[in-house]
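Asker: Provide a 3D model corresponding to the input given below.
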Amino acid sequence: MRIAVRITVLACLLTLVAALPALAGKLDDIKARGTLVAGVKDSQRPFGFVDEKSNQIVGFEIDLMAALAQRLGVKLENKPVTSSTRIPMLTQGAVDIVAATMTHKKEREDQIDFSITYFMTGQKLLVKKGGGIKSVADLGGKKVGSVKGSTSEQNVKKAQPDCTVISFETYPEAFLALKQGKVQAMTTDESILVGIKNSDDKPEAWDIVGEYISPEPYGLGLPENDSDLRDFVNAALMDMWEKGEYQKIYDKWFGKDTKDFIPLTWKMELWP
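Answerer: Next up is the predicted model:
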């Protein structure tokens, strides 16, 4: 009996050891496969959305992933994710990396790792113009739309405990609820709200209001404990910034000549 137990334990240990290289070699796997599989938004203008003419997913984060894939010497495959599916898809191996307006939060590091910040914004409110809501202080007793799995639904409840948060699967669904009067405000990052407002037929009917409810630094989601991939991604982001490539991509989607104009007022962390 003891011999059988020892053999079983040894077999389990050998299986675990054999699996370790596969867990630690995501960068090699990507290069061998010839494809970087990125989890991206497909309904989040201008970060990631389906272009009506080409029927392809385009946007700021898609261009960042394309630049990353080019540095790896591989093709890019984009897989749509939502705020609630992006972390499970990464941990389950369905995607190699997540570029999906994801705020770097300490509690998320229990499941995944993050790159350095690649986009900085803050949470605000989108409301009907002239509706009387100017800040979170005006949300008492009112319904607020947000998205499942986002930090926004938690932050607004902390900022205004007397509001009721209604969570949707996507931001377009939350905006539709706002337009239908099912919620009196919707909340998420200002950069996302700009895209939502400007995607409407009558953007002038909506206002983005209030001070920042919370800072929202976006990080690329990466498999946990894979330092080779994380180091490569961080070095690539810093290289893009130092060479001006990041700024060109940013201006394409958020520059002064776009309808989603957001001034670039922050600087990426650069290691010596």
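Asker: chain center to the host helix or strand of Gly219: distance?
Answerer: Gly219 belongs to strand 215-222 when elements are defined using DSSP states H and E. Computed by Cα atoms, centre = their mean, to the nearest Å, the chain-centroid distance of strand 215-222 equals 7 Å.
Asker: so what touches that strand?
Answerer: Under the criterion Cβ atoms under 8 Å, 6 or more residues apart in numbering, residues 39, 86-87, 90, 97-104, 108, 112-123, 151, 189, 229-230, 233, 237 lie in contact with strand 215-222. From N, CA and C alone the C-beta is placed, and that goes for glycine too.
Asker: if you set the cut-off to 6 Å instead, what comes out?
Answerer: Applying Cβ atoms under 6 Å, 6 or more residues apart in numbering, the external contacts of strand 215-222 come out as 90, 97-99, 102-104, 112-115, 117-123, 189, 229-230, 233.
Asker: strands along this structure, start to end?
Answerer: 35-40, 43-44, 48-50, 57-58, 75-80, 97-99, 113-128, 143-147, 164-168, 185-189, 206-209, 215-222 (DSSP state E).
Asker: partner strands of the longest one, with direction?
Answerer: Strand pairing for strand 113-128, determined by DSSP bridges: strand 185-189 (antiparallel), strand 206-209 (antiparallel), strand 215-222 (antiparallel).
Asker: also the second one?
Answerer: Strand 43-44 has these partner strands in its sheet, going by DSSP bridges: strand 48-50 (antiparallel).
Asker: also the first one?
Answerer: The pairing partners recorded for strand 35-40 under DSSP bridges are strand 75-80 (parallel), strand 97-99 (parallel).
Asker: most tightly surrounded among those?
Answerer: Burial of these is given as mean neighbour count (mean count of other Cβ atoms under 10 Å); strand 97-99 ranks first at a mean of 27.
Asker: name the surrounding residues that touch that one.
Answerer: The contact list for strand 97-99 (Cβ under 6 Å, 6+ apart) reads 38-40, 61, 65, 86, 90, 220-221.
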